[in-house]
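>>> Sequence and predicted structure are below.
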Amino acid sequence: MATININGNIKEATCEQELSAIRDSLEILGGKWKLRIMRYLNNRKEGQNTFKKIQREIEGISAKMLSKELHDLEINLLVSRTVLDTRPITVKYAITEYGSSVLPVTESLVIWGLNHREKIKA
């Protein structure tokens with residue numbers, strides 16, 4: 001069982017609370033693109049992560065889908081959006097400090113996925 005911290009009180013989560021937490025997590029992070037976008041932004045913290053650059057480098061994502069996913073991630077405080085005063089206007093995206101809290105989950109998924117690819121190759 002997982003533990004939860006409510007106002008400094010640590011207690012074990014109930015099965016119902018755990019299942020609700022998984023549902024909430026999947027609603028925010030689920031789908032084909034969100035975790036890939038976050039991983040991309042984390043791996044390129046030093047770069048100018050503009051919309052066009054992200055779209056070029058994440059293979060297969062459409063402009064419409066990237067726009068929607070970035071907006072959802074921004075609403076949930078996982079990604080920040082900065083409009084630069086340039087001509088034409090440039091928009092830069094970055095993972096937030098709060099967004100970085102998801103990275104251990106993505107790291108576990110990367111490791112599991114790499115191991116799974118090796119296992120099914122055999």
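Looks like it arrived, so ask away.

>>> My read is that Ile95 contacts Leu41, right?
Yes. Using C-beta atoms under 8 Å, Ile95 is in contact with Leu41, at 4.3 Å. Placement of C-beta: from N, CA and C, glycine included.

>>> where do the contact lists of the two overlap?
Val79 (C-beta atoms under 8 Å, 6 or more residues apart in numbering).

>>> low pLDDT regions in the protein?
By pLDDT under 70, the low-scoring segments of the chain are 122.

>>> Now do the longest helix along it: everything it contacts.
When the chain is parsed with DSSP state H, its longest helix is helix 103-121. Helix 103-121 has contacts (C-beta under 8 Å, 6+ apart) with 29, 35, 38-39, 42.

>>> With stretch 82-98 instead?
38, 41-42, 45, 48-51, 54, 70, 77-81.

>>> Widest-spaced pair of these?
Using C-beta to C-beta, the contacts of stretch 82-98 span at most 21.6 Å, a distance reached by Gln48 and Leu77.

>>> so how far is the longest helix of the chain off the chain centroid?
Between the centre of helix 103-121 and the centre of its chain there are 16 Å (C-alpha atoms, centre = their mean, to the nearest Å).

>>> Let me see the ranges of the strands in this protein.
3-6, 9-12, 79-84, 90-95 (DSSP state E).

>>> now those strands as CSV including distance to Leu109?
CSV is the format used below for the strands of the chain (distance: least, C-beta to C-beta, whole Å):
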stretch, distance to Leu109
strand 3-6, 22
strand 9-12, 25
strand 79-84, 18
strand 90-95, 16
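
>>> winner for burial among the ones you listed?
With neighbours defined as mean count of other C-beta atoms under 10 Å, the strands of the chain peak in mean count at strand 90-95, which reaches a mean of 18.

>>> thinking again about what came up before, mind checking which of the contacts of stretch 82-98 are in helices?
Using DSSP H, the contacts of stretch 82-98 in helices are 38, 41-42, 51, 54, 70.
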